[in-house]
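> The amino acid sequence is not available; the structure is as follows:
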């Protein structure tokens, strides 16, 4: 089950763009963050991580959603620190 969920998380946001007959792939991270700006996509991504029942996976997914929504940048600009940061 965990492998299936991780594979589905990995595939979210992966696309291929075709420009002037040349195939170029876009970065996984760029596509993921673009997709996660959509609230429904973000919710599905978070729900898939919850099914995994791993705190580590959920924290990684939560960070991805925060990055997509610009929350991480906002926290940095405001001086807020994450757990374990000094």
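Sure thing, it's come through. Values in this document were obtained by computation on a predicted structure and should not be read as measured data.
> worst-scoring helix or strand of this structure, pLDDT-wise?
strand 16-19 (a mean of 43; mean pLDDT, DSSP states H and E).
> Which strand or helix spans residue 33?
Following DSSP states H and E, one finds residue 33 within helix 28-36.
> Report all helices and strands that that helix contacts.
Helices and strands touching helix 28-36, by 3 or more Cβ pairs under 8 Å, 6 or more residues apart in numbering; DSSP states H and E, are helix 39-52, helix 55-69. No exception for glycine: its C-beta is placed from N, CA and C like everyone else's.
> Now do the buried residues in it.
For helix 28-36, the neighbour count (16 or more other Cβ atoms under 10 Å) marks 31, 32, 33, 35, 36 as buried.
> Return the distance of the second one relative to residue 65.
What it means is residue 32. Residue 32 is 10 Å from residue 65, where distance means Cβ to Cβ, to the nearest Å.
> picking that back up, export the helices and strands packed on helix 28-36 to a markdown table and tack on mean neighbour count?
Below are those laid out as a markdown table (neighbours: other Cβ atoms under 10 Å):
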| stretch | mean neighbour count |
| --- | --- |
| helix 39-52 | 15 |
| helix 55-69 | 16 |
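> Quick one: those as JSON lines, columns for distance to residue 75 too.
Converted to JSON lines, the helices and strands packed on helix 28-36 look like this (distance: least, Cβ to Cβ, whole Å):
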{"stretch": "helix 39-52", "distance to residue 75": "17"}
{"stretch": "helix 55-69", "distance to residue 75": "8"}
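> and of those, who's closest to residue 27?
The closest of those to residue 27 is helix 55-69. By Cβ to Cβ, the value is 13.3 Å.
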